[in-house]
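# sequence and predicted model, in that order:
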Amino acid sequence: MGDEASTVPPPVEDGEIPATPATAEDGQQGPDVGAEAPAVDGAEGDVPATDTGGEGDAAEEAKEQQLGPDEVDSYAAASANLAEGEAATDSIPAPPPVVELEPLPEDYVPVRDLPPIPEPFNRNEDGKPVPLPGVESLFLTGTTVEIVGISALGPGNLTGEVTREVLLNDIQFRGAISDFHSLKARIQAADYDPFLIRFNEEDVYGDGNNYEIALTKEAADVWKGIREETARRARLLELEAAHAAAERAKPRSKRTRKVKPWQSMGSEVDIEEAAVRSRRDPIRLVVQRRRREFHQPSIKLADKDAHELWNSSQMECRPFKDPNFDMRRMEQDAAVQAVAPLRDVGTHSSGPVPPRPATTQTAALDMTAEQKQELLQRPRSAQGSVADFLERVRDLCEVALVQNEITNIFRDDLAALNDEADGGGGGSRKETLISEAQSFTHLTYSKNKVVSAIQWLPHRKGVVAVACTEAQSHAERVGRMGRTAPAHILLWNFRDPIHPELVLQSPWEVFAFQFNPLQPDLLTGGCYNGQVVLWDLSSEADRLGRRTAGAGVAGGAAKSTDGTPSKATDLTPPPTAMPGGAAGGGADASGASATDGDAQIPVVKHRFMTDTQFSHHQVITDLQWLPGVEISHRGKVTKLGEGSKECNFFATVAADGRVLFWDVRVERLLKKGKKADDLLDLVWKPIHSVHLISLIGMDLGGTRLAFDFRRLEQGMFYAGSFDGELVYADFVKPEGEENPDYAKSCLQAHVGPVIALERSPFFDDILLTCGDWQWQVWQEGQATPLFQSGYAADYYTAACWSPTRPAVLYLADQSGSLEVWDLLDRSHEPSIRVTLAATPIMSLAFNPMPPAASAAQQAAMQLLAVGDATGVLRILELPRNLRRPVHNEKRLMGAWLERQQSRLADVGARQPTRAAARKEAEERKKEAEAAAQAEAAAKEAAAKDAAAAAAAGMPPSPSERKERKGSLYPEFDEKAEQEYLKLEARFKAQLGLLPPEASGGVAH
């Protein structure tokens, strides 16, 4: 903008600004927003002034445009004197009238929020500026600039227009020396006139030219659009500044408050997780009572302190802590009482109608649209004004909003009270301490044995099953082969840490077992000899559920406090349970101890066992149920549908290299006409078999299985081996192939057996493997691990993911220690290491969570079962920081995994370069070795020649003497060497071995 003349206007009211004289310098836009910027052709254009609506505006505008700079200054001084009260003369014009503040456009967007103005040029692949299509960069001399009339162009005025006629006349008059001569043909063929020329102030193209011309209308329109947008934004900035100044001039109570848009900081996810929603339709309860039944004298209510009733016989319900109580879902009970306000009105009537009592009820005020509009448009000073009401409650609302902002409405007061009782804050000892809540062992069934597998009962809280095996070597087991040695699975209940609730007997030791997730009364286990055993506890549920409320287990068991037990789920044995029963799930006391306590422990035998011919030939190491699917004899998977309650198939893996799929519906194998109890003709065999081959072409000794239960129909799974291999295989048998290769890939993950293979409960494609002294994190489809830990001091024996924290995993080793790794905290060492026992820890298992449990409930109920090599089962209580995930932990863990993927991609991208560098280094090493060998051979040949010359009596050459001096006799100097050689030659000459002239002519 050019220089602007200013005046001193009289005082203005709120919302008004003084009028400003219009200027037209440098082609800038005037006060009228709709006016376009004039073309720059070296002269100042006329800009229409703002219409103020007063009389004589046209004369005032003409007078202002005719004033020069000095006249404007005198006009301003005269206006100031007039404001001070001095007498005005006829030569001083009247001050401009007061105008209202120009409103912002309807489609107004703040300038800071607008996208950047496009550049008047393009950029190539290297990012360097290049002219637009149809634009030519050229250098114009001062003479050319004066001739074509664009001398007004400069830093403040970049564009101007020149007609085609002016350019062609310059070319015709000046000929080849014209700066436009090379563009004559394109100027004649241009599709618009006049041409737009732009001043290239900073030589953005780097070609030394100072101007550029648009030879096409499209390029000229781009420049014009940029110029108009620049002028429009400059005008918007002026309006924004004027409105901001006017807003600041207002009293604080009359300022317009800007409402900032809502910006999400991720709190929606927390609110969604912590929200309590009704899972059923609300219950409508209407309570009514007749009015005449109120205030009955026979009913008397009184208050009494709680301490008076604590030991009183009148207290019917005593408080107690029920360890078996489980809040499976949260409910909201809400009651609403809606009664219209009543009014009692007395009337005095006269006339033929006799008076009678009556009541009236007020009705809601209903307003028409015109009345609502009139109410909203009332001024603040009027009674009942909405604006006045909002102004009065604004401060109170702000205080309430601030209070809501600084107050955590989701804070659990009871949990906070518990924290204060423990010492307060996150630094209390309980916050970081892994404590042992309970331990279980039995002198007969588990002492000095190995807890090889642990499973929590999915349908009962506080009940855990363990498989105990003998601590024997393979040679000892081979020596015992052929002799049946019954093994047991113990069911421990938290209410009795001394006696197991139930003992499941097996003819062979069980190294892997699992409860059916949808039919918890079914339990399958894999034995050491390769057979599969099935127990059915449904027949035990009714018999074991007949326990009286006051009876307890013999031997000091705690009494039950959970009221009436459930027959379908409570398997606690009654105190009067006697030995006996059939093989179909009955109890047997043959394996029980002779003591009174052990005599009451039911021993349940297996119901079905697979045939040896069709079973595994080596120890079964893992067993997995496959819920909600049907598997054919060729491994084809058919989903049963959403919400299916059937789980009839499971898979086993053993060291013989086979993965077998079994159908638990054994009764279907019975011959027609046979009863379910007649099991002599039953042959239980697998429905599908998968043979896996290792890297060396032999049977894969499988140790662990990992299925993706969300994509079982694809038929893909992972398996770990005794040789540390990780196999990705497909259990679906292709059509037309009898012996297909099921393994799709086989990777060497560890140097020892894979003792843990588990999918992350939060990321479907992430797996954890553990073996020897190292654990690794793999991503499905990758040939290298995303992350692998350093080698530990002790051999790992068990590992698993945390069920509630995505970045935490647990590992156990042979020293009896438990390691907790938090990958978001540190990845080079465990965050917590606790020594639990003096013997190796052999198995880990977390208690299962119900599907309907929230994240807070899962974190509150998390327990870890740990089994060691002496038969002791320990239940660990984890601190809060290991149970509850940190804020956005899943997203942070996902980012950590992405960083590991980027690291692997970067390493893979650098592999060719590193391979080439290694190859080059090896070639240089070979060349250096060849040169060293050649040099050694040359030295050896020279040494042989020197030895031959010395034997012939010839003195060594100077080079040989120098080499000998430098290598063998570095302590001698050259002079001493020469004297010695002279003495040697003289001595040989005296003996006649050399001619006299060889001694240098000295013969005396």
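Received the coordinates, thanks. The structure presented is a predicted model; accordingly, all values stated were derived computationally and were not measured. Residues are numbered from 1 along each chain as shown.

# what's the longest helix in the protein?
Of all the segments assigned as helix in the chain under DSSP state H, the longest by residue count is helix 889-952.

# for it, name the packing helices and strands.
strand 774-779, helix 958-967 (3 or more CB pairs under 8 Å, 6 or more residues apart in numbering; DSSP states H and E). Where you see a C-beta, it was placed from the backbone N, CA and C, and this is true even at glycine.

# quick one: which of these has the weakest pLDDT on average?
Summarising mean pLDDT across the helices and strands packed on helix 889-952, the least confident stretch is helix 958-967, with a mean of 56.

# report the central residue of this structure.
The central residue of the chain, meaning the one whose C-alpha is nearest the mean C-alpha position (CA atoms, centre = their mean), is R891 at 1.6 Å.

# which ones are touching E229?
Counting by CB atoms under 8 Å, 6 or more residues apart in numbering, E229 makes contact with I117.

# hmm, back to that, for the record, mean pLDDT for the longest helix of the chain?
For helix 889-952, the mean per-residue pLDDT is 87.

# so how far is it from its chain's centroid?
42 Å (CA atoms, centre = their mean, to the nearest Å).

# just stretch 522-533 next, same as before
40 Å.

# and that stretch, end to end?
11 Å (CA to CA, to the nearest Å).

# go through it and flag the buried ones.
Residues of stretch 522-533 classed as buried: L522, L523, T524, G525, G526, C527, Y528, N529, G530, Q531, V532, V533 (neighbour count, 16 or more other CB atoms under 10 Å).

# same check on stretch 221-229?
Within stretch 221-229, the residues that qualify as buried are V222, W223, K224, I226, R227, counting by 16+ other CB under 10 Å.

# quick check: next helix or strand after the helix or strand containing the second one?
With elements delineated by DSSP states H and E, W223 resides in helix 217-249, which encompasses its position. The first helix or strand that comes after helix 217-249 along the chain, using DSSP H and E, is helix 267-274.

# run through the neighbouring helices and strands of that following helix.
Contact here means 3+ CB pairs under 8 Å, 6+ apart; on that basis helix 267-274 packs against no helix or strand.

# now do that helix against helix 889-952, angle only.
Helix 267-274 runs at 110 degrees relative to helix 889-952, counting by axes from the mean of the first three to the mean of the last three CA atoms, to 10 degrees.

# alpha carbons only: can I get helix 267-274 in PDB?
This file holds the C-alpha atoms of helix 267-274, laid out as PDB (Å, rounded to 0.1, in the frame of the first residue of the first chain):
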ATOM      1  CA  SER A 267     -10.600 -39.400  25.900                       C
ATOM      2  CA  GLU A 268     -13.500 -41.000  23.900                       C
ATOM      3  CA  VAL A 269     -11.800 -44.400  24.100                       C
ATOM      4  CA  ASP A 270     -11.400 -44.100  27.900                       C
ATOM      5  CA  ILE A 271     -15.000 -43.000  28.300                       C
ATOM      6  CA  GLU A 272     -16.200 -45.800  26.100                       C
ATOM      7  CA  GLU A 273     -14.300 -48.400  28.200                       C
ATOM      8  CA  ALA A 274     -15.400 -47.000  31.500                       C
END
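
# run the chain-centre distance for it.
Taking mean C-alpha positions (CA atoms, centre = their mean), helix 267-274 and its chain are 16 Å apart.

# coming back round to it: of the buried residues of stretch 221-229, closest to L726?
V222 (60.1 Å; CB to CB).

# E119 is in contact with that closest one, correct?
No. Taking CB atoms under 8 Å as the contact criterion, V222 and E119 are not neighbours in contact, 9.9 Å apart.

# how many other residues sit next to the residue lying closest to F410 once chain neighbours are set aside?
Take F410 and drop its neighbours on the chain: the residue closest to it by CB to CB, 6 or more residues apart in numbering is A274, 5.0 Å away. Residues within reach of A274, counting by other CB atoms under 10 Å, total 13.

# where in the stretch 351-500 of the chain is pLDDT low?
For the stretch 351-500 of the chain, applying pLDDT under 70 flags the ranges 351-362, 412-413, 415-432, 482-484.

# for the stretch 201-350 of the chain, same thing?
Judged against pLDDT under 70, the low-scoring parts of the stretch 201-350 of the chain cover residues 305-341, 347-350.

# do the same with the stretch 651-800 of the chain
Applying pLDDT under 70 to the predicted model, the residue ranges of the stretch 651-800 of the chain that meet it are 669-681.

# what ranges does it have for its strands?
With strands called from DSSP state E, counting those that start in this stretch, the stretch 651-800 of the chain shows them at 658-663, 688-691, 702-707, 716-721, 725-730, 743-748, 754-759, 766-771, 774-779, 787-788, 796-801.

# can you tell which of those strands is closest to E218?
Minimum separation from E218 across the strands of the stretch 651-800 of the chain (CB to CB) falls at strand 774-779, 51.1 Å.

# any idea how far M367 is from L375?
Computed with CB to CB, to the nearest Å, the distance linking M367 and L375 is 7 Å.

# C770 reaches G752, doesn't it?
No. With contacts counted by CB under 8 Å, C770 stays clear of G752, the gap being 9.8 Å.

# of these two, give the one with the bigger neighbour count.
C770 (28 against 15).

# SS state for the spatially closest residue to P885 that is not a sequence neighbour?
With CB to CB, 6+ apart as the measure, R805 is the residue that lies nearest to P885, at 4.8 Å, once sequence neighbours are left out. When the structure is split into helix, strand and coil by DSSP: H, G, I helix; E, B strand; the rest coil, R805 lands in coil.

# hmm, N881 and R805 touching each other?
No. Checked against CB under 8 Å, the pair R805 and N881 is beyond contact range at 9.1 Å.

# pick out whichever of those two has more residues nearby.
Neighbour totals were compared for R805 and N881, and R805 leads with 26 against 17 (other CB under 10 Å).

# list the contacts of the more buried one.
Taking CB under 8 Å, 6+ apart as the test, what R805 contacts is D822, L882, R883, R884, P885, V886, E889.

# cool, and T230?
Contact analysis of T230 by CB under 8 Å, 6+ apart lists I117.

# in stretch 256-270, which residues are buried?
Result for stretch 256-270 [16+ other CB under 10 Å]: no buried residues.

# just stretch 111-125 next, same as before
Along stretch 111-125, these residues count as buried under the neighbour rule (16+ other CB under 10 Å): P120, F121.

# give the other helices and strands that the helix or strand hosting G160 contacts.
Under the assignment given by DSSP H and E, the secondary-structure element containing G160 is strand 159-162. Helices and strands touching strand 159-162, by 3+ CB pairs under 8 Å, 6+ apart, are strand 195-199, helix 217-249.
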